[in-house]
Structure formats: C-alpha cells, structure tokens
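> Here's my sequence, what's the structure:
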Amino acid sequence: MNVELGIAGLGAVSPAGVGVEALLQTGELVPELIPAFGSGKSYRVLRVNQKLERLARWQNEPRLRRASAIALFMVEAAKQALGETTPASLGIVAALGTGAVIPTRRFYEGVIKSGPRFASPNVFPETVFNSPVSHVAAVLGATGPCYSVVGDEAAWVSAISVAATWLATGTCENVLVIGAEEFDPILLDAYAAVRWLRRAGRYVPSEGAGALWLRRGDGPRKIEKIVEGFPYRNKHEARQAARELVEAASAVPTVLRTAENNWFASIEDELHRAHGFTTPPVLPYLGEAFTASAAWHTLRAVSQQPGRMLQPVWGLSHQCSALLLGVE
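Just a heads-up that it's a prediction; the model follows:
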C-alpha cells in the first residue's frame with residue numbers, strides 16, 4: 001500500500017523499562033529463570049517490572065482494576081504517545097499475538113477444577129481479545145472505532161494498514177496503533193510444544209507494548225509505504241519471499257536487522273550481502289514479544305537516525321511484511 005502517515009507520537013513499555021528512551025539503552029538485559037506451568041522445566045524470560053511507578057499507577061484506575069497486565073502496558077504506551085490530551089476523532093488498532101493470557105488461564109482453571117457452574121463471570125470478559133483495547137479506549141475517552149488484529153509479528157504491519165485505511169477514508173483523524181503482549185508461565189509449555197524454545201538461549205520470551213500515534217500527511221517521522229503478505233512454507237521459500245519483499249518495497253540502502261536471534265538472521269545476512277545494505281547500530285536484544293517486538297523495532301528505527309529505512313517483519317505463521325520508514 002502506498003501511503004504517507006505522519007508519526008505524531010511514540011510510546012513504549014518493555015523489559016528495558018518504561019519509555020522509548022529505554023528501548024535505546026546499550027546495556028544487556030538479564031533474563032529471569034521461570035518454571036513452565038506444567039512441564040516441570042524452566043526457561044529464561046524477560047519480564048516487565050510492573051512495580052515501576054508509571055505502571056503501578058494504572059492499577060488504581062477504576063476501569064483497570066480487573067484488567068490484565070497487557071491493558072496496563074497498552075494504556076501506558078498510549079499515554080506516552082498522545083501526551084496530556086486525547087485528540088479528537090481518535091481510533092485505536094491493537095495488534096496482538098497471545099492477548100490477555102493471564103485471565104484466560106484463570107478462567108479455564110476455574111472451569112477445569114470446579115466445573116462449568118463455577119466459571120467466573122468477572123474474569124470471562126477479560127479473556128476476549130478486544131478487551132484490552134476496550135479498556136484503553138475507555139481510559140482515554142476515544143470516540144473512534146477500536147479494533148484488534150490477532151496474529152504474529154506481521155500483525156503489526158496489518159494493524160498499521162488498518163489505520164491507514166481509516167485515515168484515508170476519513171473514518172478517523174487520528175489513530176493509535178499498539179502492539180502488545182503479556183506473559184504467563186503457561187505460554188512456556190505452549191512455546192516448547194511448537195519447538196520455539198528448542199535452541200537454548202536463542203529464543204527468550206518477553207512482554208510489553210509499543211504505540212504509534214498516526215495522522216494523515218507528512219511529518220518529520222513518517223511511514224511511507226506498507227508492504228504486506230509474502231508467504232513461505234520453508235527456508236527456501238522464505239529466501240524468495242524476502243527477495244520479493246525487498247523488490248516490492250523499492251528498498252533503500254538502510255535496512256533494519258529484525259531477526260538477529262532466530263533462523264531468519266541468515267536470510268537477512270544474505271539480503272545485506274546481495275544488496276549492499278547498511279544497518280543502524282545494533283541494539284540490545286529485548287526478547288521475542290511478537291507484535292510488541294515488531295512495534296519496538298519501528299520505534300527504535302524512527303528514534304535512532306535520519307533517513308529512509310526498510311523494516312522487514314517476519315511472522316511465525318509464515319509470512320513476511322515490511323514498513324518503509326522516513327525520518328527527517
């Protein structure tokens with residue numbers, strides 16, 4: 001999609017801390033060793049410190065008292081992006097991979113242990129994928145539509161595409177796009193079952209959120225182009241998909257490294273050698289937080305240096321997409 005979206009604000013919550021500045025830290029993060037829910041194994045995980053004042057304050061917000069951690073991450077990132085006021089005609093698009101895992105586990109634990117008669121009506125609403133973004137909209141007083149895109153890292157690009165459509169059609173004048181994930185130990189068993197944890201130290205789950213405030217038109221920070229949906233079934237097809245992605249994006253000399261800790265890294269290395277791409281400074285690994293990770297890469301890119309940059313986004317559901325970013 002050819003589009004020019006001005007980036008009016010940025011916000012982030014990550015294991016590195018609260019704020020976009022934390023994403024640019026040079027120190028390495030130390031993962032926690034956490035036992036999985038049912039397998040008896042332990043894995044390294046990067047967690048958000050929810051006791052930080054800027055996060056803890058939201059737990060006293062009436063709307064958020066029963067909300068999951070993911071809603072707290074999203075509200076804080078959104079408030080950073082918007083500043084002190086909520087703009088008129090604001091829509092919100094959330095990109096989620098696992099969603100609100102903690103209340104989902106709690107709800108089904110109650111059903112399994114005590115039977116369906118004891119299913120909690122208080123917890124159940126929090127298991128719905130659109131629940132976190134609804135909390136954000138209520139806290140902000142947003143008057144536009146709220147929508148959740150569920151998938152993997154590539155859902156971040158799809159969410160920005162939805163925002164671009166809303167802005168182009170006049171549905172909204174302002175859109176918040178938020179990529180967010182929360183962690184629960186039950187996910188470790190799920191990740192291990194699909195072999196995402198098979199390489200010790202190469203895949204570290206994490207959590208958090210990243211937010212962009214987008215408006216139609218030009219600006220010092222912008223998204224110039226959205227390129228979506230290049231599928232693959234194996235590594236050979238992934239190489240071809242990557243080449244097609246770069247061609248479709250009319251790639252520029254600076255391309256972000258987005259896969260330095262997983263098997264896509266070798267494909268990105270090949271692209272860099274073949275095209276002579278340069279890369280911005282490599283920043284510390286913040287773990288694998290799916291849509292939140294993709295958001296962090298975008299925030300880091302538009303905060304690091306001026307110029308035009310291509311951000312590939314690799315999806316674990318076997319598709320790759322990209323954003324063409326510009327910073328004056």
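> okay but E4 is in contact with G217, surely?
Yes - with contact defined as C-beta atoms under 8 Å, E4 reaches G217; the gap is 6.7 Å. In short, each C-beta sits where N, CA and C put it, glycine included.
> Tell me which of those two has more neighbours.
The neighbour comparison of E4 against G217 (other C-beta atoms under 10 Å) goes to E4, with 14 against 9.
> can you give me the strands in the stretch 101-250 of the chain?
146-150, 174-181, 208-216, 221-231 (DSSP state E, counting those that start in this stretch).
> Take the ones you listed and lay them out in JSON lines including distance to V327.
Output for the strands of the stretch 101-250 of the chain, formatted as JSON lines (distance: least, C-beta to C-beta, whole Å):
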{"stretch": "strand 146-150", "distance to V327": "25"}
{"stretch": "strand 174-181", "distance to V327": "17"}
{"stretch": "strand 208-216", "distance to V327": "13"}
{"stretch": "strand 221-231", "distance to V327": "5"}
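> looking at the ones you listed, which is closest to V162?
Across the strands of the stretch 101-250 of the chain, V162 has its closest neighbour in strand 146-150 (6.2 Å, C-beta to C-beta).
> what does that closest one contact?
91-97, 99, 129-130, 132-134, 136-137, 155, 158-159, 162 (C-beta atoms under 8 Å, 6 or more residues apart in numbering).
> Likewise for stretch 228-247?
Here stretch 228-247 has contacts from 1, 154, 157-158, 161, 227, 248, 255, 263-264, 267-268, 270-271, 275, 310, 312, 318-322, using C-beta under 8 Å, 6+ apart.
> just the buried members of the residues you listed?
Applying 16 or more other C-beta atoms under 10 Å to the contacts of stretch 228-247, the neighbour count classes 154, 157-158, 161, 227, 255, 264, 267-268, 271, 310, 312, 318-322 as buried.
> Looking at this structure, which strand is longest?
Longest strand of the chain, by residue count under DSSP state E: strand 2-14.
> Could you name the helices and strands sitting against the helix or strand just after that strand?
Tracing the chain C-terminally past strand 2-14 and defining elements by DSSP states H and E, one meets strand 17-18 next. Strand 17-18 sits against no helix or strand, with contacts defined as 3 or more C-beta pairs under 8 Å, 6 or more residues apart in numbering; DSSP states H and E.
> Okay, now the sheet partners of strand 17-18, with direction.
strand 2-14 (antiparallel) (DSSP bridges).
> what angle do the strand it pairs with and strand 208-216 make?
Here the directions of strand 2-14 and strand 208-216 differ by 150 degrees (axes from the mean of the first three to the mean of the last three C-alpha atoms, to 10 degrees).
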